[in-house]
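Trainee: any chance you can model this:
(2 chains)
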Amino acid sequence: GAGVSQSPSNKVTEKGKDVELRCDPISGHTALYWYRQSLGQGLEFLIYFQGNSAPDKSGLPSDRFSAERTGGSVSTLTIQRTQQEDSAVYLCASSLGASGGVNQETQYFGPGTRLLVL
Amino acid sequence: KNQVEQSPQSLIILEGKNCTLQCNYTVSPFSNLRWYKQDTGRGPVSLTIMTFSENTKSNGRYTATLDADTKQSSLHITASQLSDSASYICVVRGNQGGKLIFGQGTELSVKP
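Mentor: Below is the predicted model:
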């Protein structure tokens, strides 16, 4: 049984370039979440999807950040015109649902994408 | 503002010893509280989940307690092992949809 996978595992880019981070959730999980974890910091919520729609995108730090999900499965987080402060680990998680009790809501995390903006 | 505060920030203990990590929260209304373990370079893994009606939940050598009145939770690790070295994150979910509120984590280091 595959868990949540993310790609690439590491990404080094130049300031000003665009990057795309991919998340493959666990099959059958309808909810998908993106988080950011800066060095020595806690997890910061970015956005979550229920199916293909994003009921809560309040954590996206600026309009350079966007995410989409297609087919209720794969999600892509895009950062445009990257800045050095975007350097962080970007974690994706999925759950059976976003509500309905603890078993439905338990989030399973991927290994993360380590982004370094030079 | 909803907050989840963890203490201590970091902790070093000797192998075989017990330790207790603390989590205080102000999230209201409260739905459930989770403890995650995050190994270096890995994503977090769920250890325990408790709703407001549960006072304690165990998972092997990990025991979590919850006092919903005082909004405090603790994670007790018994007979620590080197593999327990990790960041332990307290996460609280309010009754507001899918967003979870994460604490900063406690960095535990178990030394031989």
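Trainee: next one: the closest residue to B:Lys111 other than its chain neighbours from chain A, what distance?
Mentor: What sits nearest to B:Lys111 in space, not counting adjacent residues and going by CB to CB, 6 or more residues apart in numbering or on different chains, is B:Leu14, at 5.7 Å. Backbone N, C-alpha and C define where each C-beta goes, glycine included. Note on B:Leu14: its distance to chain A, by CB to the nearest CB, to the nearest Å, is 24 Å.
Trainee: how much space separates B:Leu14 from B:Gln22?
Mentor: Separation of B:Leu14 from B:Gln22 (CB to CB, to the nearest Å) stands at 20 Å.
Trainee: likewise B:Arg93?
Mentor: Distance from B:Arg93 to B:Gln22, by CB to CB: 19 Å.
Trainee: who has more neighbours out of those two?
Mentor: B:Arg93 (23 against 15; other CB atoms under 10 Å in any protein chain shown).
Trainee: what's in contact with the one helix or strand that one maps to?
Mentor: In the assignment (DSSP states H and E), B:Arg93 maps to strand B:86-94. With contacts defined as CB atoms under 8 Å, 6 or more residues apart in numbering or on different chains, strand B:86-94 is touched by A:42-43, A:105, B:2, B:4, B:6, B:21, B:23, B:25, B:27-40, B:44, B:47, B:73, B:75, B:99-103, B:105-108.
Trainee: could you redo the last one with a cut-off of 7 Å?
Mentor: Contacting residues not belonging to strand B:86-94 are listed as A:42-43, A:105, B:2, B:4, B:6, B:21, B:23, B:25, B:27-39, B:44, B:73, B:75, B:100-103, B:105-108 [CB atoms under 7 Å, 6 or more residues apart in numbering or on different chains].
Trainee: which secondary element of the chain has the worst mean pLDDT?
Mentor: Went with chain A since none was named. Least confident helix or strand of chain A, by mean pLDDT, DSSP states H and E, is helix A:102-105 with a mean of 69.
Trainee: nope, chain B please
Mentor: Per-SSE averages on chain B (mean pLDDT, DSSP H and E): minimum strand B:100-102, a mean of 84.
Trainee: need the next SSE after it, C-terminal direction.
Mentor: strand B:106-111.
Trainee: direction included, what does that following strand pair up with?
Mentor: Partners of strand B:106-111 in the sheet, by DSSP bridges, are strand B:10-14 (parallel), strand B:86-94 (antiparallel).
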